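Asks: here's my sequence, what's the structure:
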Amino acid sequence: ESLLDSALEPVLAEACEHPDPEQAILQLKVCDPACGSGHFLLAATRRMARRLAMIRAGNEEPSQREVRRALRDVIGHCIYGVDINPMAVELCKVNLWLEALEPGKPLSFLDAHIQCGNSLLGTTPALLKNGIPNEAFEPLEGDDRKFCSIYKKKNKEYRERSKKGTSQIMLWEESGAIVRERLENVRAARFQMEAIDDDTIINVHRKQARYGLSLSSSDYVQSKLWADMWCAAFVWKKTAENNDLEMNENVLRRAMQNPDSVREEQRRYIQSLAEQYQFFHWHLAFPDVFQVPSGNEEPENALTGWSGGFDVVLGNPPWETNKIKEKEWFAANGRPDIANASNAAQRQKMIQALQREDPLL
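Replies: All right, here's what the predicted structure looks like:
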C-alpha cells in the first residue's frame, strides 16, 4: 500500500485531471518487472479500476458490476508483468483472470502482457546500433583466458576497421535502417493484435492467432535473432572446443545485412543460450510500449534508443540485512581502540564488555 501511495497514486491523480480521464487511465502502462504471482499488479489493478469505475458512474460509490467491468478493462489495457519463473507467470495470469472474471465474457488474452524472461538480461536498439563491445569477451567461469584474449582482439579489429572504411560505415548505417524497419513492422503487428476486442471467445481466439503469427513473422524472428546474438556474445563459451562457432562484431553486422549468413549450428547455439539465460528484450516483448523511431527521428531516450516506456514500474523492495563492518564502524564512532584490536577474538571481547562499560554505544 505504501508503494502504491508513492508510485501509482500521483500518476493516477494526474490522469484523473485529464479532459478525458477515462481514456487517460486506460492509456496508463503499469509494469512489475519481477511480478511473481502478481500481488503488486493485482493491488494496482484494484486501485485503478475503482477510480475508473467512479469516473464512469459519476459518483464515489460505483456498483459492483461497474467495478467488475473496470477491472477487466484495466487488466486488458494497462497491466504488464515479467518474471523469470514460468510457473510464476502462469500463476500471475490465473490471478488476474480470477480478478477480472466478468459474467458472460471469456477470460482476457494476457499472453502478450504477462511474459516469461530475465528482465535484467537483454539488449536495446542503442546497444545493437553500437555493436558488440570488446567487454563482451571478458572471461567468465569456465572460459579459456587465451581464447578470450584472441576473440577480444579480433572483435577490436573489426570495430576499428569499421570506423576507417567507408564501405563498413555504410554497412553500419544500412544495417541500422534494416533493424528499424523490422522493428516498425513488429510494432505495427502488435497494434493490430491489441486492436481486437476480447469480449467474445471468437475474438480471443483471433487475438491469440494474431499474436502467434506476429511471433513467427520474419520481422520478429530476425529482430530477436540479432538481439539474442548481441547478448550471446557475453555468455558465449570461449574455449577450444567452441572455436568453430564464431561470434563477434563482424558476424552480427553480416547477419543484419543477410540473416542467411548465420550458419545453422551458430543459430542453434544462440537459441540454446537465449533459452538458458532467458534473454528478454523489452522493445521486442512490448513494442506497443517502447517505440523505436524510424528514419531520422530521434528517440526520447538516447541511452536506450527508444521512445515511450511505462508510466509506473512497481517492484518489491529489497529485504537485505545490513551487515556492520566492525572495524570501520567503531573507527568512525569514537572507539579506534576496538577498531585496532590485535585480532578478531580480542575485538569481540571488547565489544561484549561494552554492555557494562557503555551500554548506549
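
Asks: helix or strand next in line after the worst-scoring helix or strand of the chain on mean pLDDT, which one?
Replies: Within the chain, no helix or strand scores below helix 166-194, which has a mean of 76 by mean pLDDT, DSSP states H and E. Going down the chain from helix 166-194, the next helix or strand is helix 201-216, by DSSP states H and E.

Asks: if I pick the closest residue to Gly117 other than its chain neighbours, what's in contact with it?
Replies: In space, and not counting its chain neighbours, Gly117 is closest to Phe280: 3.1 Å by CB to CB, 6 or more residues apart in numbering. Bear in mind the C-beta positions are built from the backbone N, C-alpha and C, glycine included. Phe280 makes contact with Val82, Gln115, Gly117, Asn118, Ser119, Leu121, Gly122, according to CB atoms under 8 Å, 6 or more residues apart in numbering.

Asks: same thing with Thr200?
Replies: Taking CB under 8 Å, 6+ apart as the test, what Thr200 contacts is Lys105, Pro106.

Asks: phi, psi for it please.
Replies: Backbone torsions for Thr200, taken as degrees, to the nearest 10, come to phi -130, psi 160.

Asks: which residues of the chain fall in strands?
Replies: Ranges of strands in the chain, per DSSP state E, are 30-32, 79-83, 114-116, 290-291, 307-308, 312-313.

Asks: mean pLDDT and mean neighbour count for those strands - can I get that in JSON lines?
Replies: Putting the strands of the chain into JSON lines (pLDDT from 0 to 100; neighbours: other CB atoms under 10 Å) gives the following:
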{"stretch": "strand 30-32", "mean pLDDT": "98", "mean neighbour count": "25"}
{"stretch": "strand 79-83", "mean pLDDT": "97", "mean neighbour count": "25"}
{"stretch": "strand 114-116", "mean pLDDT": "97", "mean neighbour count": "20"}
{"stretch": "strand 290-291", "mean pLDDT": "94", "mean neighbour count": "22"}
{"stretch": "strand 307-308", "mean pLDDT": "94", "mean neighbour count": "16"}
{"stretch": "strand 312-313", "mean pLDDT": "96", "mean neighbour count": "16"}
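
Asks: using JSON lines, lay out these together with distance to Glu297.
Replies: Formatted as JSON lines, these follow (distance: least, CB to CB, whole Å):
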{"stretch": "strand 30-32", "distance to Glu297": "24"}
{"stretch": "strand 79-83", "distance to Glu297": "25"}
{"stretch": "strand 114-116", "distance to Glu297": "27"}
{"stretch": "strand 290-291", "distance to Glu297": "10"}
{"stretch": "strand 307-308", "distance to Glu297": "8"}
{"stretch": "strand 312-313", "distance to Glu297": "25"}
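
Asks: select, out of those, the one closest to Asn343.
Replies: Asn343 lies closest to strand 79-83 among the strands of the chain, at 46.5 Å (CB to CB).

Asks: what packs against that closest one?
Replies: Packing contacts for strand 79-83, counted by 3 or more CB pairs under 8 Å, 6 or more residues apart in numbering; DSSP states H and E, involve strand 30-32, helix 39-57, helix 86-99, strand 114-116.

Asks: most tightly packed of those?
Replies: Mean neighbours per residue, mean count of other CB atoms under 10 Å, is largest over the helices and strands packed on strand 79-83 for strand 30-32, with a mean of 25.

Asks: just checking, what packs against that one?
Replies: helix 39-57, strand 79-83, strand 312-313.

Asks: helices or strands next to the first one in the packing?
Replies: What that stands for is helix 39-57. helix 2-16, helix 21-26, strand 30-32, helix 64-77, strand 79-83, helix 86-99.

Asks: where does the stretch 201-350 of the chain have low pLDDT?
Replies: Applying pLDDT under 70 to the stretch 201-350 of the chain flags the ranges 318-321.

Asks: can you give me the helices for it?
Replies: 201-216, 218-235, 249-257, 264-277, 282-285, 326-332, 336-339, 344-357 (DSSP state H, counting those that start in this stretch).

Asks: quick one, the second one and helix 201-216 angle?
Replies: Note on geometry: by axes from the mean of the first three to the mean of the last three CA atoms, to 10 degrees, helix 218-235 and helix 201-216 are set 50 degrees apart in direction.
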